[in-house]
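Trainee: can't give you the sequence, but here's the structure:
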């Protein structure tokens, strides 16, 4: 069994409206979503699922167009309906599509954190393979970062999540075997405000 990765990219990008943050380009002209996807594609994840917003909306159509060249047996796109665009709803949708796959764990990647490298993801996958932990989280200066890796035994718990805070409560459960790797500030760095987008355009 191997790892799967889901990239959560279905949010409304309300903090940067009317501009969609995932279309912002870095200094080389690479859109944020594409930069994130390229790193995940370089990782050991055997299956990659991108969760986009509702089909046929203008911003989703632009994002999907960026990803069409990647579509193959390893890479797929899933559209979240309007009522399933919250963080936990998008996560549930990704877990639903990952469950039938022959994978041992799931790496949950946030699309607006494009500085996270494939090397970090691979360290997490390897840590899971070594210990078969329930979760693996990157830490920087004592802070939990993203992405987060989950063992497939927790897929039912992930499917039961609600609200817009993802799986943070699961990370607080003391009955689970949580492991961590040390990483740099990239695991804490997102780009979800106009000021942050201006910074991203210089990177």
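Mentor: Okay, I see it. Values in this document were obtained by computation on a predicted structure and should not be read as measured data. Residues are numbered from 1 along each chain as shown.
Trainee: can you give me the helices for the protein?
Mentor: Assigned by DSSP state H, the chain shows helices spanning 32-42, 58-67, 87-98, 118-131, 155-159, 194-200.
Trainee: on the pLDDT front, check the residue located most distally from the centre of the chain for me.
Mentor: Computed with CA atoms, centre = their mean, the maximum C-alpha offset from the centroid of the chain is found at residue 175, amounting to 24.8 Å. Listed pLDDT for residue 175 reads 91.
Trainee: try residue 163
Mentor: 68.
Trainee: repeat that for residue 106.
Mentor: pLDDT, residue 106: 98.
Trainee: does it really touch residue 147, like I thought?
Mentor: No. Look at residue 106 against residue 147 with CB atoms under 8 Å: they stay out of range, at 9.8 Å. In short, each C-beta sits where N, CA and C put it, glycine included.
Trainee: who touches both of those two?
Mentor: By CB atoms under 8 Å, 6 or more residues apart in numbering, residue 106 and residue 147 have these common neighbours: residue 5.
Trainee: more neighbours, the two?
Mentor: residue 106 (29 against 25; other CB atoms under 10 Å).
Trainee: check the gap between the more buried one and residue 173 for me.
Mentor: Distance, residue 106 to residue 173, using CB to CB, to the nearest Å: 17 Å.
Trainee: one more: residue 44?
Mentor: Taken as CB to CB, the span from residue 44 to residue 173 is 26 Å.
Trainee: and stretch 45-54, end to end?
Mentor: 25 Å (CA to CA, to the nearest Å).
Trainee: hmm, I typed the wrong one, I wanted stretch 170-180.
Mentor: 15 Å.
Trainee: which positions within it qualify as buried?
Mentor: 170, 176, 178-179 (16 or more other CB atoms under 10 Å).
Trainee: ditto for stretch 149-169
Mentor: 149-152, 154-155, 157-158, 161, 166-167.
Trainee: among those residues, show me the least confident.
Mentor: Within these, pLDDT reaches its minimum at residue 166, with 66.
Trainee: check contacts around residue 179.
Mentor: By CB under 8 Å, 6+ apart, the residues touching residue 179 are 127-128, 131, 133, 135-137.
Trainee: quick check: closest non-adjacent residue to it.
Mentor: residue 133 (4.1 Å; CB to CB, 6 or more residues apart in numbering).
Trainee: test my guess that the one you found contacts residue 180.
Mentor: No. Contact between residue 133 and residue 180 fails when scored by CB under 8 Å: they sit 9.3 Å apart.
Trainee: can you name the residues bridging to residue 151?
Mentor: residue 105 (DSSP bridges).
Trainee: contacts for stretch 91-108 next, please.
Mentor: Taking CB under 8 Å, 6+ apart as the rule, stretch 91-108 contacts 1-6, 8, 10, 40, 43, 45-47, 49, 51, 76, 78, 80, 84, 121, 124-125, 128-129, 132, 146-152, 155, 158-159, 161, 166-167.
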